[in-house]
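**Q** 3D model of this:
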Amino acid sequence: MKYPCDSVSHSPSAGVAPAALPVRGGWILAATILGSSMAFIDGTVVNVALPSIQHALNATVSGAQWVVESYALFLAALILLGGTLGDLYGRRLMFTSGVFLFAAASAWCGFAPDIRHLIAARALQGVGGALLVPGSLAIISAAFPTSERGKAIGTWSGFTGITAAIGPVLGGWLVEHLSWRWVFFINLPLAAAVIAISFLFVPESYGERGKNKLDIPGAFLITMGLGCLVFSMIEAPELGWTNPATWGTATAGSIAIILFLWREARADSPLLPLQLFRSMNFSGANLLTLLLYAALGAMLFFLPFNLIQVQGYTPTQAGAANLPFIFILFFLSRWAGGLVAHYGAKLPLVIGPLIAAAGFLLFARPAIGGSYWTTFFPAMLVLGLGMSGVVAPLTTTVMDSVSEHQAGVASGVNNAVSRVASLLSIAVLGIIALHVFNTQLETRLAAEKLSPAAKHAVLEQRNRLTQIQPPEGLNAGQRDALKHSIDESFLVGFRWVIIVSAGLALLSALSAWVLIEGKPRKTQVH
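**A** Numbers count the residues shown, from 1 in each chain. Just a heads-up that it's a prediction; the model follows:
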């Protein structure tokens, strides 16, 4: 999935363009496209594989959440630090180090014997992603002259968009016909190719090393803060809010984030330059990003469970279900970017989220069963139209709200905000989904003709959501009735997630209306 400002490097380009650029240019693009595609694809493919992973490793819903959240946590918290490391020690070095780390972690994921190993391996993948994602475009910015840079970034963006479309379908096919483990193993040959091409054809480049310093304390505080908050929210439904582990980690996380902001306001080289937020446009764009990408992240997490476990889609079909959304986003984003020149950024940033909110609500309409073309396709279509009106104008707003030498940092901040949004929304809306599911399941079980022991056995597994196994001794009719109750209970919880997501999209439109400036009026000359 493409994120806002993914098309801009973390830091201003500085370095030596390679000799014989026409020869090396294609190889440089190949390395950066393949490398960044691994991280982008993992952001969507793993969601499609989650139901199979949860079943194979006998995981609870919190375990499934952690498979996604551990990766997102370290990627979001360390992506700004990763860009600075590339400026200081070499972009190619950090990029290839990130690719190697990502590949090693992918192998660990593929061989993971249980959910704990998989979660730890995904965290390591996040660290690798934090090095390779900012490095890919920084390498392009340093390697290509200004006259060629826009075309090179456009090529990168186009091919990564194609991989974002192909990835979920390929991942679903691998899950269906081989194993969910191959979703991770496929990264290994890609990583080997990227590392080989990088050392043969990609020149080393550096940023303004005298001006960049590593904010290690800042990185530690934001990682600890986000990690503790996410832990408390994911584990609260099972542990309870009165458990010391829940409220203790929530308190520790809040304190760590406050200390992070206090440090960033005083550090000489902060990880997050707070002065950027003095611009209303920059603040408005990032608030919009936080709200809208929180909605999108939660929906994309829970949708595969609905499609595969409730609607009966195969993993391949579930991966292909997203294609209309991705294709519309890919083909219309450039057109939407042209609207900024005519109408300014405010209008598309208000209208786009409003259309996206309608798209989210359409996801709440389907019941169990029905044709894809009349159930989920209209929702994908409308959501794609809404999001395509946001991405390019949002990037333009972020870039235009800061000076040229701050463009890379502004891009990195907005990129990190989008990932933090998804990280937090999966945890928070997971609480809502699980609470509604539990309430609905208890109500429906009370009306079922099951023994008290059978009902108790079902409720003991409710933290597994749609993966609840029917107790022994049930006849075929009782099994079908229980499956229907579980599916309907999940569907109600899913609809609540979608309704909240639509509300977040509406709030993002409101933030654009209030905070982002309209198109400046032309001054008439008399």
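**Q** domains of the protein?
**A** Segmentation of the chain into domains, based on automatic domain parsing, reads 1-70+78-211, 280-526.
**Q** in the helix or strand where residue 455 lies, what's buried?
**A** Using DSSP states H and E, the element containing residue 455 is helix 452-459. By 16 or more other CB atoms under 10 Å, the buried positions in helix 452-459 come out as 454-455, 457-458. Yep, even glycine has a C-beta here, placed from its N, CA and C like the rest.
**Q** just those now: which is nearest residue 328?
**A** Closest approach between the buried residues of helix 452-459 and residue 328, by CB to CB: residue 458, at 40.7 Å.
**Q** distance check, that closest one against residue 434.
**A** The spacing between residue 458 and residue 434, counted by CB to CB, to the nearest Å, is 15 Å.
**Q** mind putting the domains of the chain into TSV with mean pLDDT?
**A** Listed next are the domains of the chain as TSV, based on pLDDT from 0 to 100:
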stretch	mean pLDDT
domain 1-70+78-211	80
domain 280-526	85
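**Q** okay if I get those domains as a markdown table plus distance to residue 254?
**A** As requested, the domains of the chain are exported to a markdown table (distance: least, CB to CB, whole Å):
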| stretch | distance to residue 254 |
| --- | --- |
| domain 1-70+78-211 | 18 |
| domain 280-526 | 13 |
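**Q** looking at the ones you listed, which is closest to residue 274?
**A** Nearest to residue 274 among the domains of the chain is domain 280-526; the distance by CB to CB comes to 9.9 Å.
**Q** can you give me how far that closest one is from the chain middle?
**A** Chain-centre distance of domain 280-526: 11 Å, with CA atoms, centre = their mean, to the nearest Å.
**Q** going forward can the numbers begin at 4, since that is how I track them
**A** Happy to do that; since the first residue is 4 now, the last one works out to domain 283-529.
**Q** shouldn't residue 242 be in contact with residue 249?
**A** Yes - with contacts counted by CB atoms under 8 Å, residue 242 reaches residue 249, the gap being 5.1 Å.
**Q** which of these two has more residues huddled nearby?
**A** The residue with more neighbours, out of residue 242 and residue 249, is residue 249; 20 against 17, by other CB atoms under 10 Å.
**Q** following whichever strand or helix holds that one, which helix or strand shows up next?
**A** Here residue 249, judged by DSSP H and E, is contained in helix 247-267. Once the chain leaves helix 247-267, the next helix or strand it forms, by DSSP H and E, is helix 283-307.
**Q** check which helices and strands the helix or strand just after that following helix sits against.
**A** Next along the chain after helix 283-307, taking DSSP H and E as the criterion, comes helix 318-323. With contacts defined as 3 or more CB pairs under 8 Å, 6 or more residues apart in numbering; DSSP states H and E, helix 318-323 has these neighbours: helix 24-59, helix 149-180.
**Q** quick one: contacts of helix 318-323?
**A** 48, 51-52, 54-55, 170-176, 178-179, 307, 310-311, 375 (CB atoms under 8 Å, 6 or more residues apart in numbering).
**Q** all helices of the stretch 54-203 of the chain, in order?
**A** 64-92, 94-114, 118-146, 149-180, 185-188, 190-204 (DSSP state H, counting those that start in this stretch).
**Q** leaving out the residues flanking it, which one is nearest to residue 393?
**A** In space, and not counting its chain neighbours, residue 393 is closest to residue 355: 3.9 Å by CB to CB, 6 or more residues apart in numbering.
**Q** from residue 502, how far out is that neighbour?
**A** Going from residue 355 to residue 502 by CB to CB gives 20 Å.
**Q** those two: who's more crowded?
**A** Remark: of residue 355 and residue 502, residue 355 carries more neighbours, 28 against 15, as counted by other CB under 10 Å.
**Q** I'd say residue 141 and residue 86 touch.
**A** Yes - the criterion here is CB under 8 Å, and residue 141 meets it with residue 86 at 6.7 Å.
**Q** who's in contact with residue 85?
**A** Taking CB under 8 Å, 6+ apart as the test, what residue 85 contacts is 13, 97, 101, 133-138.
**Q** got the residues you listed as CSV, with neighbour count and distance to residue 203 columns?
**A** Converted to CSV, these look like this (neighbours: other CB atoms under 10 Å; distance: CB to CB, whole Å):
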residue, neighbour count, distance to residue 203
13, 32, 24
97, 24, 18
101, 29, 18
133, 29, 25
134, 27, 20
135, 26, 18
136, 28, 22
137, 35, 22
138, 31, 17
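**Q** redo these as CSV? Include distance to residue 74.
**A** Shown next, in CSV, are the contacts of residue 85 (distance: CB to CB, whole Å):
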residue, distance to residue 74
13, 19
97, 19
101, 13
133, 10
134, 14
135, 13
136, 12
137, 16
138, 18
